[in-house]
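Asks: Sharing a model that was predicted from the sequence below.
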Amino acid sequence: MNPAQLLLNGVVTGLLLALPALALTLVFGVLKFPNFAVGAMLTLGAYAAWVGSVLCGFPLIVAAVLAVLFVAGASVLVDRTVYTRLRDRGPITLLVASIGVSFVLENICRFCFGNDARNFDVAVARPMRWHGLRINHEQMITALAVVVSLIVLHVMLRHTPLGRAMRAVADNPPLAAVRGIEREFIAGVTWAVCGALATIAGVLAGLDRAIDPLIGWNYQISIFAAAILGGLGSPAGAVAGAVLIGIAEETSALVVPTNYRQAVSFTVILVFLLFRANGLFGRKAISR
Amino acid sequence: MIGYLTTIAALVLIASLVGLGLNMQWGVVGLVNFGVVGFFALGAYVTAIVDNGGAGPFGGLAAAAIACAAASALLALLSTRLEDDYLAIVTIGFGEVVRLVTLNETWLTGEPSESPISSARSPAGSRPMPIRICFSCLQPQRSPSCF
């Protein structure tokens, strides 16, 4: 296959991974634990959008916005019912809790919609050709949606009081508390943002392939690889890491069967943790 | 009913064995291992493959212990210096890779619903329990068609 085509596919795959990787890294930054439910949130978002667009007949964009609101609310609800009680119990307890949440969310989807693959009702369109490259409509939608989301998130984090408060809590919770920032409120906002990001990724993933209860889980290792590669806790790193992981996964298809994409991501995680454990931009991961 | 109860009892015993192993590793030593099912699967598959190769079930068991020890040592070399949450991620990744290999390399591991330990098969030809259990633990909801 044409190397430029592989590169293009890799960048688009990476952009899709960037949103859940950002969700992961934001929760890690503010609440200090790796959230294994990020894949399940993606799945929930994909199904929510499917209900809106196919069952209720809304246009896809309206369904996606409704799904974003729904999953953001659901994430805050999960935070209030599960994570709030465990807030100071250390990262491993929260990690185990998030694995539990992941199973519950995934099986709610399974219970409501079964194991069959579902599809959004979109017309099949001929890919565009440009200098020998084939560009799908899904790829263009993905790139556009992700870039817009990234810009909105960047503005929010850098230029609003809310974003400043989030960064303050991530940086130094006691100091932020002294300055009168409500940690619980910021935790809620963080979860809502993460739910929203995961849902957008879920809708885009659902456009690209079929929606099934494992759609999020199948991205899980790649999402973690992206966030670790960028250094957990660093938003800019997560985006860069995601694009690199996307390119690695697509170009590895030349030598490794595509079933092993997640294994490629896993290898990248291992190599990075071995040789440069704080990722491209992040903090130290090794203590002893 | 008796059959049902013995099946449940066997499942409980197997789960407690895995639990004891995890307790040793996590509870006593403090290493978080979320990839324990990966080793569980590796053990089951090596036993089955070696047994089918003609070495008998005990040969299979020995081979499984050696293979799992080797895999653990390799993973430990790679990951001993990592902090808790990173170690958790690496071990989960290991478990996923084992699952990917067992699902995709069907020339070696058989189709996902097969039951490869020959000597565990009862004369009536129905219930090769150990492998069934491994599969039910490993892929409660992860069918190969999903990726």
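Replies: Good, I have the coordinates.

Asks: gap between the residue nearest in space to the middle of chain B and chain A?
Replies: For chain B, the residue nearest the mean C-alpha position is residue B:41 (1.8 Å; C-alpha atoms, centre = their mean). Distance of residue B:41 to chain A, given as C-beta to the nearest C-beta, to the nearest Å: 15 Å. To be clear about C-beta, it is placed using only N, CA and C from the backbone, and glycine gets the same treatment.

Asks: Does that residue touch residue B:96 like I think?
Replies: No - here residue B:41 lies out of contact with residue B:96, judged by C-beta atoms under 8 Å, at a distance of 11.0 Å.

Asks: pLDDT below threshold where in the chain?
Replies: Defaulting to chain A. Where chain A drops to pLDDT under 70, the residues are A:1, A:276-288.

Asks: other chain: chain B
Replies: Residue ranges of chain B with pLDDT under 70: B:111-147.

Asks: give me that answer again for 90
Replies: Low-confidence segments of chain B (pLDDT under 90): B:1-3, B:18, B:21-22, B:24-38, B:41, B:44-61, B:72, B:74-147.

Asks: just the residues of chain B that are near chain A, which are they?
Replies: Proximity of chain B to chain A (C-beta under 8 Å from any C-beta of the partner chain) is limited to residues B:32, B:34, B:78-79, B:81-86, B:88-90, B:92-94, B:96-97, B:100-101, B:103-104, B:141-143, B:146-147.

Asks: let's see 7 Å
Replies: Applying C-beta under 7 Å from any C-beta of the partner chain, one finds that chain B approaches chain A through B:32, B:78, B:81-86, B:88-90, B:93, B:96-97, B:100, B:104, B:141-142, B:146-147.

Asks: Which members of the residues you listed come out as buried by neighbour count?
Replies: With neighbours counted using 16 or more other C-beta atoms under 10 Å in any protein chain shown, the residues of chain B next to chain A contain these buried positions: B:32, B:82-86, B:88-90, B:93, B:96-97, B:100, B:104, B:142, B:146-147.

Asks: What residues does chain A have near chain B?
Replies: So chain A meets chain B at A:33-34, A:91-92, A:95, A:110, A:212-214, A:218, A:221, A:224, A:257, A:259-260, A:262-263, A:266, A:269-270, A:273-274, A:285-288 (C-beta under 7 Å from any C-beta).

Asks: run the last query once more with 8 Å
Replies: Residues of chain A lying close to chain B (C-beta under 8 Å from any C-beta) are A:33-34, A:36, A:91-92, A:95, A:99, A:106-107, A:110, A:115, A:212-214, A:217-218, A:220-221, A:224, A:228, A:257, A:259-260, A:262-263, A:265-266, A:269-270, A:273-274, A:277, A:285-288.
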